[in-house]
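Peer 1: missing the sequence, but the structure's below:
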């Protein structure tokens, strides 16, 4: 450690103002502070500070993503061999190797492209490199289908970091969740690479009778998810790399809740919103809302009725609902920042996700759009909450006068 | 019984180095200084020249804008130095004591026959007017203003803070007399610790007593004001600490202004901790020399959240009853963000230390990270027990949006109330400085 510290201390002057590599100050700083917590002391305010910093916070989130990430690697391999009809003969090693070979390149591309842009923009502005992308860089691969082309990951990541984050001023200033921007970008720009039946398992030839459709897609088409609830909870189903296993996500969620990094208020109300809206649609569909007077399903509403009839608990365990609720809705920067606001914000995400799923089956994944929509409205929610405090204070003066 | 207000929000930082409630014997120093930097919104103008003799209670300097506000010498002796900083700003006005007692006789007076103006004039004459701080802004009070109320917090919840119940012992009647004096100026409110406090505080007459229960900052007078009678735009409220109340009480009871102060020496780096009888503005050397665990130590006049960094030959702050010494944290830590952190203190639960129960921590001055934009939400709110949205207030200040600052309650807070916010801030933002900038902008634009 001491040798490394010595090396850094020797190199440091070259990167400081007037040094040979002064231009690369941010890059050097990023590596230095990654290796060593700086020796900076408190001046002029508090003399002691909490041990937590943004690096620690982000690392905890990365740890929380690990179960979903590891399971995603396995499931990618598993879905591949299932498509080939070989799931019985493939060994655990085969499955993991295939999964690694598919998932790791996506992670590498996401980190390399994203961090390169982060470093470059920090350099340009003379800022420190921010830690935010440590998390975004891992979430982006987890919300992609396994077959996504690497160039598409690169383009989407670049778009998300530049237009989703840096144009607003970097981590802490962005309006929308960068990882969702990446996904939404691909979803609308290259829909065939992002959805459909064939992007989840990486095989040209499939065995007879195999359907690669996600649970959501088949629920819309046939009225049944095509998977058992247990499989959906364990995550043995097709879907984006990290979103399938409810158990893996729950493990991560637990870590986030114990450490207090994610707000239980947001998480809880997303599920509450989902459940309430799921039950509402169940009731509507059962009372004949999607039928004409003869009891025949209205034209164009077949998929909507199918999805509306889906039991509320199935809505929660399929698609990206859990992943979105635990890892994306709770992003503090893009979520509501007042405590009351978090209940409203979360509830509307859950409710909107189900509404979009049911009423617009053209977009099978309502969660992404619901979160992006509520990201947009989070400042408005906060505005209303804070305004209430302001008028309370103003009223106090009037009572006195 | 008086009302009890329970505060759920807050944080007690458990530091190693609490002092027992015993007095330590420490010799009085030779040098004493009044530091104009302890008073916000005041431009000092010297009244004596270097080399001239001054008496205890004699004027050293006064406020240029309001010459009637005088700052007096705590000891008799000779003005030996006026230390200046950048742009010739006066930092320290240093007096060398001739060894006589640090008190001044202003003659007997009869409080019952004095009206408000006579009381204020007496306080101005004796320099004790500067014992008050005025909210908003935490500045030296304007003697011509009308005040809505006077608040006294009789307990300090800051880390390693002095125990005023102990300090007040023997001076109970002067405290009561002091409250009587304050009552002549404005209605007096006293905040006491609900977990037991001296009868001198909880059964004081002529004041509204409110009990507070909770973690730091429950003892901050600003928090108490917010819960008892919040400051509205246009209000002016005075605050004063218990030892100053006692000094004023003694002045009006006996005619003698006593500059003695009890100060507690605390912190993990102080070898012999304890309470010390000293004098306003005393040089710290006799307290800290030979009494520190190592050389690389930060000495703070005040507590670790709001105190001022001083050298070993520096001086006690005007309003401080505490000295803290903690290790300097100017060292690197390899992969500090990745360590389990059993010995690290955090309000969050991102380090394993939260599993280890209520142990005491030896914290140093390291920042534990770098400055960032606001990312984590709800961490400031958790340690800020007022009906104010701190993050939104800080953002309004950073944007210099004066209307928003007023609407969001900037008049109700000063640095000490939000010091814990700065402590817990993951993004390491200098929030006390942000707030002071905002308050200064307000003083200039709104007045």
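Peer 2: That came in fine, so what should we check first? Please read all numbers here as calculations on a predicted model, not as lab measurements.

Peer 1: how about stretch A:73-87: buried residues?
Peer 2: For stretch A:73-87, a neighbour-count test (16 or more other C-beta atoms under 10 Å in any protein chain shown) marks A:73-84, A:87 as buried. The C-beta positions use only the backbone N, C-alpha and C, and glycine is treated the same way.

Peer 1: actually stretch B:98-107, not the one I wrote
Peer 2: B:102-104, B:106.

Peer 1: Could you single out the nearest of those residues to residue B:346?
Peer 2: residue B:102 (43.1 Å; C-beta to C-beta).

Peer 1: and the gap between the closest one and residue B:78?
Peer 2: 15 Å (C-beta to C-beta, to the nearest Å).

Peer 1: how about the buried residues of stretch A:73-87 in CSV, adding secondary structure and pLDDT?
Peer 2: Shown next, in CSV, are the buried residues of stretch A:73-87 (DSSP: H, G, I helix; E, B strand; the rest coil; pLDDT from 0 to 100):
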residue, secondary structure, pLDDT
A:73, helix, 94
A:74, helix, 93
A:75, helix, 92
A:76, helix, 91
A:77, helix, 91
A:78, helix, 90
A:79, helix, 88
A:80, helix, 88
A:81, helix, 88
A:82, helix, 86
A:83, helix, 85
A:84, coil, 85
A:87, coil, 77
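
Peer 1: can stretch A:127-136 be found next to chain B?
Peer 2: Yes. Counting by C-beta under 8 Å from any C-beta of the partner chain, chain B has neighbours in stretch A:127-136: A:128, A:130-132.

Peer 1: per-residue confidence at residue 318?
Peer 2: In the absence of a named chain, chain A is used. Here the pLDDT value assigned to residue A:318 is 86.

Peer 1: To clarify, I was referring to chain B.
Peer 2: Turning to residue B:318, the model gives it a pLDDT of 95.

Peer 1: ok, it - contacts?
Peer 2: Listed by C-beta atoms under 8 Å, 6 or more residues apart in numbering or on different chains, the contact set of residue B:318 reads B:34-35, B:38-39, B:130, B:280-281.

Peer 1: What of residue A:100?
Peer 2: Residue A:100 neighbours (C-beta under 8 Å, 6+ apart): A:73, A:77.

Peer 1: how about the nearest residue to residue 376, chain neighbours excluded?
Peer 2: All of this refers to chain A. residue A:175 (6.8 Å; C-beta to C-beta, 6 or more residues apart in numbering or on different chains).

Peer 1: My question was about chain B, not that one.
Peer 2: That would be residue B:426: by C-beta to C-beta, 6+ apart, it lies 4.5 Å from residue B:376.

Peer 1: Near that neighbour, how many other residues are there?
Peer 2: When neighbours are defined as other C-beta atoms under 10 Å in any protein chain shown, residue B:426 has 27 of them.

Peer 1: Next one: it, what pLDDT does it get?
Peer 2: Reported pLDDT for residue B:426: 92.

Peer 1: again with residue B:41
Peer 2: On pLDDT, residue B:41 comes in at 85.

Peer 1: State the distance from it to residue B:339.
Peer 2: Going from residue B:41 to residue B:339 by C-beta to C-beta gives 44 Å.

Peer 1: Ok, residue B:83 next?
Peer 2: 43 Å.

Peer 1: re earlier: from the buried residues of stretch A:73-87, pick the one nearest residue B:141.
Peer 2: Nearest to residue B:141 out of the buried residues of stretch A:73-87 is residue A:73 (C-beta to C-beta; 67.3 Å).

Peer 1: Counting neighbours, what do you get for the residue lying closest to that closest one once chain neighbours are set aside?
Peer 2: Of all residues not flanking residue A:73 in the chain, residue A:99 sits nearest, at 3.8 Å (C-beta to C-beta, 6+ apart). Counted by other C-beta under 10 Å, the residues lying close to residue A:99 total 24.

Peer 1: I figured residue A:99 hits residue A:74, correct?
Peer 2: Yes. Between residue A:99 and residue A:74 there is a contact at 5.6 Å, judged by C-beta atoms under 8 Å.

Peer 1: residue in the stretch 101-250 of chain B nearest to chain A?
Peer 2: residue B:232 (4.6 Å; C-beta to the nearest C-beta).

Peer 1: Tell me who's in contact with that residue.
Peer 2: Each residue near residue B:232 by C-beta under 8 Å, 6+ apart is listed here: A:393, A:396-397, A:400, B:411.

Peer 1: Ramachandran coordinates for the residue in chain A positioned nearest to chain B?
Peer 2: Relative to chain B, the nearest point of chain A is residue A:53 (2.6 Å; C-beta to the nearest C-beta). Backbone torsions of residue A:53, given as degrees, to the nearest 10, read phi -140, psi -180.

Peer 1: So which residues of the stretch 1-150 of chain B form strands?
Peer 2: B:3-6, B:31-34, B:44-46, B:53-54, B:59-63, B:70-72, B:77-84, B:90-97, B:103-105, B:133-135, B:139-140, B:149-153 (DSSP state E, counting those that start in this stretch).

Peer 1: sorry, back to before: between the buried residues of stretch B:98-107, which sits nearest residue A:40?
Peer 2: residue B:102 (40.0 Å).

Peer 1: My guess is the closest one contacts residue B:74. True?
Peer 2: Yes. The pair residue B:102 / residue B:74 is scored as a contact, 5.4 Å apart, by C-beta under 8 Å.

Peer 1: Between these two, which contacts overlap?
Peer 2: Common neighbours of residue B:102 and residue B:74 (C-beta under 8 Å, 6+ apart) are B:56, B:259, B:279-280.

Peer 1: now, which of those residues lie within strands?
Peer 2: Among those, DSSP state E puts residue B:279 in strands.

Peer 1: what's near enough to touch the residue of chain A closest to chain B?
Peer 2: Taking C-beta under 8 Å, 6+ apart, we find residue A:53 in contact with A:37, B:337, B:368-370, B:372, B:426, B:428.

Peer 1: mind checking pLDDT for it?
Peer 2: For residue A:53, the model assigns a pLDDT of 88.

Peer 1: how much space between it and residue A:20?
Peer 2: Distance, residue A:53 to residue A:20, using C-beta to C-beta: 30 Å.
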